[in-house]
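# what follows is a predicted protein model with its sequence.
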Amino acid sequence: MSVLEKVRIRTIGSKLMLATTATALAAACAVGLASYMQQNDLVDMAIEQNLSSDYQSITDAMAEQGQRAMGVAYSFANDPVVADAFVSGDRAKLLAAYAAVTPVLKSELNLALISFHKPTGDNLVRLHAPDVFGDNVFGRRLMLADVAKQGKPLVGIEPGRDSVSIFASVPVIKDGVTVGIVDIGAPLGAAFLADVKKRFDVDVSMNAVSGDEVKSISSTFEQKTLLDPAAHKEASTELIHWRSDDMGDRPVAVLAGPLKNYSGKPIGSIELVMDRSEFAAARSSAMMALALVLLGVAAVGTGVAVLLTRHLGTPIRGLTGAMARLAKGEWDAEVPGITRSDEIGEMAKAVLVFKENGIENERMTAEREAENQAKMRRAQKLDELTKAFERNVTELTGSLSSAATEMEASAQSMTAIASQTNSQSVTVASAAEQTSANVQTVASATEELSISVREIVTQISQSSQIAGRAVEGAQRTNTMVQSLSDTADKIGDVVALINSIAAQTNLLALNATIEAARAGEAGKGFAVVASEVKELAGQTSKATDEIGARVTEVQTATREAIAAIQEISKTINDMSQISATIAAAMEEQGAATSEIARNVQEAARGTEQVTGNIGDVRRGAGETGTAASQVLSAAQQLARHSSDLGRELDTFLTGVKAA
């Protein structure tokens, strides 16, 4: 339900006037809201620009102060008096040379810190504190240490114990060597901030930021700071958006940005506080003007709505009367406003279409009545055809269901057979694999036996060769022993000859003895010789007898040795023949073993092929099982489709009958 319906405004004219007035007010409010937001954005932007500009001006003022200090430091560093004083370490000379200029630099240029340091960092003279000297400043004045290290002038901010100052440090060069450093600084304290406030009409606060700790260095307002530590920590790294606050009874805008040392490292924040009373007053004036404009727009919108209602109400009421007559079926009613070119003309044309459609509907109603009669006759014929179709399709689905059932049973049987075949093929494959393993084992053992037989044949062949060589040695030994026997026989003949000679010699000695006896004294000497010859002949006979006995023993032993050697030779020949027979048999055995090994290898390959074929059978059985499962699934799906067909047929016939 719309808002207009809820307030129960009955006439279109009243609704149109109310809608027009509301639209004008809504447009005015939208414009006013946009103007208000734009005004706020403009004020916000103006405050942001003013504060950002003031922040930049303050940093520029600090840089300008640094450049002043740098100019004075250059002037001092190029003074020969300063270089000579550094070389000689003459403090009095420096104090005398610049004592008069120190107050002027402090009062006119705010350069209140003037120091002369040795390259080692030890202070030589402080013009602003002559009695304090000799301390090393590198520990707290890092910029001075960098100047001494780099030999170049530097300018920038460095924090002190209770203040922050901007320094300019210039090395003093004499004969190409750094002999000292001139260090001139301007404190950024109350005097500097007061001058900044006077120049830019903003309050300023300088704060040292270390982690979450914030320490106020100097400020131009009593509260020291209007920001929390988190804001100061953020402002130490980047310029933050301004924030609104109150200082006493004045609305203020607060902005802060980083305070950086000479090397660009953030060491704190610069906080700016600006009175925004003028901006608030301007915003209030703009809001008042905007409210007056909204009231004017509302008044004008209401007047336009009244005129528009009067202009559109009369033709709309005419169309309303025509619609009422047409709704009663009075198709001869006139439709006003058809010739108008505005939206009311479009509405009149739409009402005319409604009239024409009403006339057409009466004509079509008569035609539909005739069509309904024809449809009733057609429905009766369709009912007869449906019944015949139901009988035929019912018989067909019954046959289809029966065939699906038989197909499912066959598929289940085929699945069972495939499963059994697969199981049996697994068993046969396992047995074939075991047989293959056993055949492989037999093949390995047969191969080892064949190798052993070949080794035995080799050993027997070697034994036969050794036996042959032994026979040859025995034959040579027999020949040598036979030669020895022949030699012994010859020695026997020689001994017999010697024995015969000894007998003859003995006989001759006997004859000589007889002849010596006959000779008497003259034959005594000859008798002695004959006696000795006889004795020698006797000894020779004994010796030859003994030699003969020994020769006889040698001959006997030689004949026995010949007999033994012949027996050994015969035995070795027999062994050689036996070895040859064994070698021939082992060669035949080796050939048979090799044939067995070859046949076993063939059997192993055969069992491997059997195993592979059984694997193919197993896969075939698995594929058969899969196919049978698919057939079973198809049969079951066919049965379901048959059942679904029956149900769909029943639904179809029911729908047809219901139609």
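That came through fine.
# tell me the mean pLDDT for the helix or strand that contains L508?
For L508, the enclosing helix or strand under DSSP states H and E is helix 343-519. Averaging pLDDT along helix 343-519 yields 69.
# same check, this time on stretch 549-568
72.
# how's the chain carved up into domains?
78-186, 189-275, 407-659 (automatic domain parsing).
# counting neighbours, what do you get for F200?
By other CB atoms under 10 Å, 19 other residues sit near F200. Glycine gets a C-beta too; all of them are placed from N, C-alpha and C.
# my read: it touches Q56, true?
No: between F200 and Q56 there is no contact under CB atoms under 8 Å: 10.4 Å.
# going along the chain, name the strands of the protein.
Taking DSSP state E, the strands of the chain run over residues 113-117, 123-126, 154-159, 164-174, 177-187, 203-210, 213-219, 243-247, 250-260, 266-275.
# between strand 164-174 and the first one, find me the angle.
Orientation check (axes from the mean of the first three to the mean of the last three CA atoms, to 10 degrees): strand 113-117 against strand 164-174 gives 40 degrees.
# packing partners of strand 113-117?
Applying 3 or more CB pairs under 8 Å, 6 or more residues apart in numbering; DSSP states H and E, one finds that strand 113-117 contacts helix 80-88, strand 123-126, strand 177-187.
# and what of the second one?
The criterion is 3+ CB pairs under 8 Å, 6+ apart, and the helices and strands that strand 123-126 contacts are helix 91-98, strand 113-117.
# in stretch 126-136, what counts as buried?
126-127 (16 or more other CB atoms under 10 Å).
# equivalent analysis for stretch 76-84, please.
Across stretch 76-84, burial judged by 16+ other CB under 10 Å covers 76-77, 79, 82-83.
# distance to R377 added to the residues you listed, as a markdown table?
Listed next are these as a markdown table, based on distance: CB to CB, whole Å:
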| residue | distance to R377 |
| --- | --- |
| F76 | 128 |
| A77 | 126 |
| D79 | 132 |
| V82 | 132 |
| A83 | 133 |
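# of all the residues you listed, which comes closest to M206?
Among the buried residues of stretch 76-84, F76 lies closest to M206 (CB to CB), at 27.5 Å.
# quick one, what contacts the closest one?
F76 is in contact with 82, 98, 170, 182, 184, counting by CB atoms under 8 Å, 6 or more residues apart in numbering.
# kindly report the same for M206.
164, 188, 193, 216-219, 259, 268-271.
# count of neighbours near the residue nearest to it when sequence neighbours are not counted?
Once flanking residues are discounted, M206 sits nearest to I217: 4.4 Å by CB to CB, 6 or more residues apart in numbering. Close neighbours of I217, defined as other CB under 10 Å, add up to 21.
# got it, and V209?
When neighbours are counted by other CB under 10 Å, V209 comes out with 21.
# contact partners for it?
Neighbours of V209 in contact, by CB under 8 Å, 6+ apart: 232-233, 235-236, 266-269.
# what about the residues you listed, which one has the most neighbours?
In those, the most neighbours by other CB under 10 Å go to S269, 27 neighbours.
# show me which of the contacts of M206 are buried.
Here, 16+ other CB under 10 Å leaves 164, 188, 193, 217-219, 259, 268-271 buried among the contacts of M206.
# need the winner for burial among the helices and strands packed on strand 113-117.
strand 177-187 (a mean of 23; mean count of other CB atoms under 10 Å).
# pairing partners for it, with directions?
strand 113-117 (antiparallel), strand 164-174 (antiparallel) (DSSP bridges).
# for the strands of the chain, which has the smallest mean pLDDT value?
Across the strands of the chain, strand 243-247 gives the lowest mean pLDDT, at a mean of 87.
# that one pairs with which strands?
strand 250-260 (antiparallel).
# avg pLDDT for stretch 130-147?
Computed over stretch 130-147, the average pLDDT equals 94.
# so what touches it?
Residues outside stretch 130-147 that contact it (CB under 8 Å, 6+ apart) are 91, 95, 115, 117, 120-126, 148, 153-154, 156, 158, 160, 167, 169-171, 181, 183, 261-263.
# can I get the strands of the chain in JSON lines including distance to G492?
Listed next are these as JSON lines, based on distance: least, CB to CB, whole Å:
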{"stretch": "strand 113-117", "distance to G492": "144"}
{"stretch": "strand 123-126", "distance to G492": "146"}
{"stretch": "strand 154-159", "distance to G492": "142"}
{"stretch": "strand 164-174", "distance to G492": "141"}
{"stretch": "strand 177-187", "distance to G492": "137"}
{"stretch": "strand 203-210", "distance to G492": "142"}
{"stretch": "strand 213-219", "distance to G492": "145"}
{"stretch": "strand 243-247", "distance to G492": "157"}
{"stretch": "strand 250-260", "distance to G492": "145"}
{"stretch": "strand 266-275", "distance to G492": "142"}
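# what residues are up against the residue lying closest to M323 once chain neighbours are set aside?
Spatial nearest neighbour of M323, excluding adjacent residues (CB to CB, 6+ apart): V351 at 5.9 Å. Neighbour list for V351: 319, 322-323, 326, 335 [criterion: CB under 8 Å, 6+ apart].
# include distance to D650 when you put the strands paired with strand 177-187 into JSON lines, please.
Output for those, formatted as JSON lines (distance: least, CB to CB, whole Å):
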{"stretch": "strand 113-117", "distance to D650": "110"}
{"stretch": "strand 164-174", "distance to D650": "99"}
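# which of the ones you listed sits closest to Q420?
Among the strands paired with strand 177-187, strand 164-174 comes nearest to Q420, with 100.6 Å by CB to CB.
# residues touching the closest residue to D212 other than its chain neighbours, list them.
Leaving aside its chain neighbours, D212 sits nearest to P229 (5.4 Å; criterion: CB to CB, 6+ apart). Going by CB under 8 Å, 6+ apart, P229 touches 212-214.
# in CSV: the contacts of V351, plus neighbour count.
Formatted as CSV, the contacts of V351 follow (neighbours: other CB atoms under 10 Å):
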residue, neighbour count
L319, 17
A322, 20
M323, 16
L326, 19
V335, 20
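# isn't the residue nearest to M206 right up against V164?
Yes: taking contacts as CB under 8 Å, I217 lies within contact range of V164: 5.3 Å.
# identify the contacts common to the two.
With CB under 8 Å, 6+ apart, I217 and V164 have common neighbours 188-189, 206, 208, 268.
# of the helices and strands packed on strand 123-126, flag the one that's most buried.
Using mean count of other CB under 10 Å, strand 113-117 ranks as the most buried of the helices and strands packed on strand 123-126, with a mean of 24.
# just the CA trace of it, in PDB.
The C-alpha trace of strand 113-117 is given here as PDB (Å, rounded to 0.1, in the frame of the first residue of the first chain):
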ATOM      1  CA  LEU A 113      74.700  29.100  19.700                       C
ATOM      2  CA  ILE A 114      78.200  29.700  18.300                       C
ATOM      3  CA  SER A 115      80.900  27.100  18.900                       C
ATOM      4  CA  PHE A 116      84.300  26.100  17.600                       C
ATOM      5  CA  HIS A 117      85.200  22.400  17.700                       C
END
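# identify the residues contacting it?
With CB under 8 Å, 6+ apart, strand 113-117 has contacts from 82, 85-86, 94, 98, 102, 105, 123-128, 137, 144, 165, 167, 180-187.
# what is the orientation angle of it with helix 91-98?
140 degrees.
# count of neighbours near Y262?
20.
# now E158
Count around E158 with other CB under 10 Å applied: 19.
# okay, and the beta partners of it?
Bridge pairing for E158 - DSSP bridges - gives S165.
# what do you get for S269?
With DSSP bridges as the rule, S269 is bridged to N207, P258.
# that one and P258 touch, don't they?
Yes: with contact defined as CB under 8 Å, S269 and P258 form a contacting pair (6.5 Å).
# shared neighbours of those two, anything?
With CB under 8 Å, 6+ apart, S269 and P258 have common neighbours 235-236.
# can you tell me which of the contacts of F76 is nearest Q482?
V170 (136.5 Å).
# what sits against the closest one?
70, 73-74, 76-77, 147, 153, 181-182.
# from those residues, pick the one nearest A557.
The nearest member of the contacts of V170 to A557, counting by CB to CB, is V147 at 130.8 Å.
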